[in-house]
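**Student:** Make a model of this:
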Amino acid sequence: MRPSGRELSEMRSVSIETGFTKHAEGSVLMKMGDTHVLCTATIEDRVPPFIKGSGLGWVTAEYGMLPRATNTRMRREAASGKQGGRTVEIQRLIGRALRAGVDRVALGERQITVDCDVLQADGGTRCASITGGWVALRLAVNALMKAGDIVTDPLVSPVAAVSCGIYAGQPVLDLDYPEDSEAGVDGNFIMTADGQLIEIQMSAEGSTFSRDQMNSLMDLAEKGVGELAAMQLAAAK
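**Tutor:** Have a look, this model is predicted:
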């Protein structure tokens, strides 16, 4: 039995609220259970120097957690003058994941920055950030197309992410914190809506795992991403 009482292949409740903030070209409050992330997308008519003049667009991301997103207060990273290694790793992951679903030629020479701010954490913050971040990106691109700034949709496919792991000897979908902290195997699966893999981050946290278990986790991840992609498309209409 999972601590939440969910079935092995059951997601947490998912909510995608669009238009959550006033000023951003795309904004989403993404909720996966008790993990809540505010995702905003900002369009800028510039690109990083290394692609300037190439005609290619760029999608990047920033990630952070509020001090009381967790059950004890975390010191703001700004107070120490630098981002922590975990923060840098996660925001690079979000940027890579979102770019995988973008035709950068069709986007044109502009940058969209997706900011992911964790308001409340209960496991799976990077997965919620990627999933909600894509919806914010979709809304920003919709604004570009409505304004006539681009004529071809640069978003090739929805991109979503979900965690899977081995908890109490069983493969489970969408780990919350009690499961994540006790899982023998923990993984994050980032995919397109049609099941194409973008990235897998997976490791043994206390026990090794077999090829058959890996396949079981892949099946769960495909199920979860399929459900999330359907919600993304419905939310971003």
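**Student:** going forward, measure contacts between C-alpha atoms and count neighbours the same way
**Tutor:** Fine.
**Student:** So in this protein, which helix runs the longest?
**Tutor:** helix 211-235 (DSSP state H).
**Student:** In terms of secondary structure, what does that one contact?
**Tutor:** strand 14-18, helix 125-146, strand 159-167, strand 170-173, strand 185-192 (3 or more CA pairs under 8 Å, 6 or more residues apart in numbering; DSSP states H and E).
**Student:** Pull up the pairing partners for the helix or strand Val114 falls within, direction included.
**Tutor:** Taking DSSP states H and E as the criterion, the element that holds Val114 is strand 111-120. Take DSSP bridges as the rule and strand 111-120 pairs in its sheet with strand 35-44 (antiparallel), strand 58-65 (parallel).
**Student:** Nearest to Cys127 among those would be which one?
**Tutor:** Nearest of these to Cys127, taken as CA to CA: strand 35-44 at 10.0 Å.
**Student:** Residues touching that closest one, excluding its own?
**Tutor:** With CA atoms under 8 Å, 6 or more residues apart in numbering as the test, strand 35-44 has contacts from 21, 24-31, 110-125, 128-129, 132-133, 136-137, 140.
**Student:** before we move on, what about stretch 75-92?
**Tutor:** With contact meaning CA under 8 Å, 6+ apart, stretch 75-92 is reached by 60-64, 66-67, 126.
**Student:** next one: stretch 186-203
**Tutor:** For stretch 186-203, the surrounding residues in contact (CA under 8 Å, 6+ apart) are 97, 100-101, 127, 157-166, 180, 185, 204-205, 218, 221-222, 225-226, 229.
**Student:** can you give me the offset of it from its chain's centre?
**Tutor:** 11 Å (CA atoms, centre = their mean, to the nearest Å).
**Student:** Just checking, which helix or strand of this structure averages the lowest pLDDT?
**Tutor:** In the chain, no helix or strand scores lower on mean pLDDT, DSSP states H and E than helix 77-80, which sits at a mean of 87.
**Student:** helix, strand or coil for the residue lying farthest from the centre of the chain?
**Tutor:** The centre of the chain is farthest from one residue, Gly53, which by CA atoms, centre = their mean lies 29.4 Å away. Classification of Gly53 using DSSP: H, G, I helix; E, B strand; the rest coil returns coil.
**Student:** list the contacts for it?
**Tutor:** Counting by CA under 8 Å, 6+ apart, Gly53 has contacts Glu109.
**Student:** follow-up on the earlier one: pick the most buried one from the strands paired with strand 111-120.
**Tutor:** strand 35-44 (a mean of 25; mean count of other CA atoms under 10 Å).
**Student:** and the angle for it with helix 125-146?
**Tutor:** For strand 35-44 against helix 125-146, the angle by axes from the mean of the first three to the mean of the last three CA atoms, to 10 degrees is 30 degrees.
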